[in-house]
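Undergrad: Only the shape, not the letters, is given here:
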Ligand SMILES: [Zn+2]
C-alpha cells in the first residue's frame, strides 16, 4: 500500500514509523528534502514544534555532520555489494547521539542483485531505532523482493505554479523536476536550440542538419532525447506521429546509457522518426 509523506510523518509521534521505506515520484531533490525533514523530526531535541531547526541535533543534520545520518549513492553505474556491506558495518553500531538513525539509499533502482539481497537481510533484522529509505525515480526498477518489503511513499510532482519564474523550463521538462533541473544546468535556450535543430532535420529530411547538433556529449544527447519525448507527446496525442516513436526514443536512451555510439543512435532514431511520421510542422 502506498501513502504520501504527510501521512508518513503522522506515524512519527505515534512511534509507528515503518523501518523500511521506498520514496518515489517527483524529483530526487524533493525526495532528499523529505528525508532530511524526517531525520530532523526524528532527532530534534528542541521544545515545542519539531523540528526546531536550532537545537544541536538539528544543526548537525542541517550542516551534514550528524553521525547517525547515512547517505549512500552509486559510486559508478550501480550500487554494488561492497557498498551495502560497508553500510551494514556502520548501522549495527550504537547510535552516537542516542538518537534515531536515518539511512538513505539514492537511486535504489541501481542496486545490483547481490547488493539488494544483502540489503534484504538487513531489513529482516533491522538495527534498533533505524529507518532505511530507498529513493528512486524508477520504483519499477527496484528489485521486487525489496520493493514488496518496503512501505512505499509517493511524492506528487510539483505543479506549474511552483516554478513560476522558470515556467518555460518546467513545460519543456514535461513537469519532471529532475529533467527541469538538468535543463537549467545547460540553460533553457541551449536545450531549445538542440530540439529546434533536430526538428529542422526531421522536417527538411536534410541529414546535414544532424551535424550541426555536434559536438554533443553523451549526457547532452540523453537530455535532448528526454526533452524530445515530452515535446512530441502533443503530436502523438494529435495523431501526427505514431506513439511507437516515443517507445523508440526510450529504447534509444537505453542504448546510449549502455554505451552505444550516441551519434549513431541519434541518426537511426531520426530515420525512424521520418518513417513514423511527424514531418509536418505544427
Ligand atoms: Zn531541533
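TA: Alright, I've got the coordinates. Here the structure is a predicted model, which is why all the values come from computation and not from measurement. Numbering: from 1, shown residues only.

Undergrad: Please count neighbours and contacts with C-alpha atoms only from this point.
TA: OK.

Undergrad: Point to the helix or strand of this protein where mean pLDDT is at its lowest.
TA: helix 208-212 (a mean of 79; mean pLDDT, DSSP states H and E).

Undergrad: Work out the gap between the helix or strand following that one and the centre of the chain.
TA: Per DSSP states H and E, the first helix or strand lying C-terminal to helix 208-212 is helix 218-237. Chain-centre distance of helix 218-237: 17 Å, with Cα atoms, centre = their mean, to the nearest Å.

Undergrad: what's the answer for stretch 106-113, then?
TA: For stretch 106-113, the distance to the chain centre is 11 Å (Cα atoms, centre = their mean).

Undergrad: May I see the buried residues of it?
TA: Neighbour counts over stretch 106-113 (16 or more other Cα atoms under 10 Å) mark 106-112 as buried.

Undergrad: ok, for residue 29, nearest residue in space, not its chain neighbours?
TA: Spatial nearest neighbour of residue 29, chain neighbours left out: residue 178 (7.7 Å); criterion: Cα to Cα, 6 or more residues apart in numbering.

Undergrad: For the strand or helix carrying that neighbour, which helices and strands make contact with it?
TA: Under the criterion of DSSP H and E, residue 178 resides in helix 177-186. For helix 177-186, the packing partners by 3 or more Cα pairs under 8 Å, 6 or more residues apart in numbering; DSSP states H and E come out as helix 167-172, helix 218-237.

Undergrad: what ranges do the helices span in the stretch 1-150 of the chain?
TA: Ranges of helices in the stretch 1-150 of the chain, per DSSP state H, counting those that start in this stretch, are 5-10, 28-43, 56-62, 81-91, 113-124, 144-149.

Undergrad: Including distance to the ion and mean pLDDT, could those go into JSON lines?
TA: Shown next, in JSON lines, are the helices of the stretch 1-150 of the chain (distance: least, Cα to the ion, whole Å; pLDDT from 0 to 100):
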{"stretch": "helix 5-10", "distance to the ion": "16", "mean pLDDT": "92"}
{"stretch": "helix 28-43", "distance to the ion": "7", "mean pLDDT": "95"}
{"stretch": "helix 56-62", "distance to the ion": "4", "mean pLDDT": "95"}
{"stretch": "helix 81-91", "distance to the ion": "23", "mean pLDDT": "93"}
{"stretch": "helix 113-124", "distance to the ion": "28", "mean pLDDT": "95"}
{"stretch": "helix 144-149", "distance to the ion": "31", "mean pLDDT": "95"}
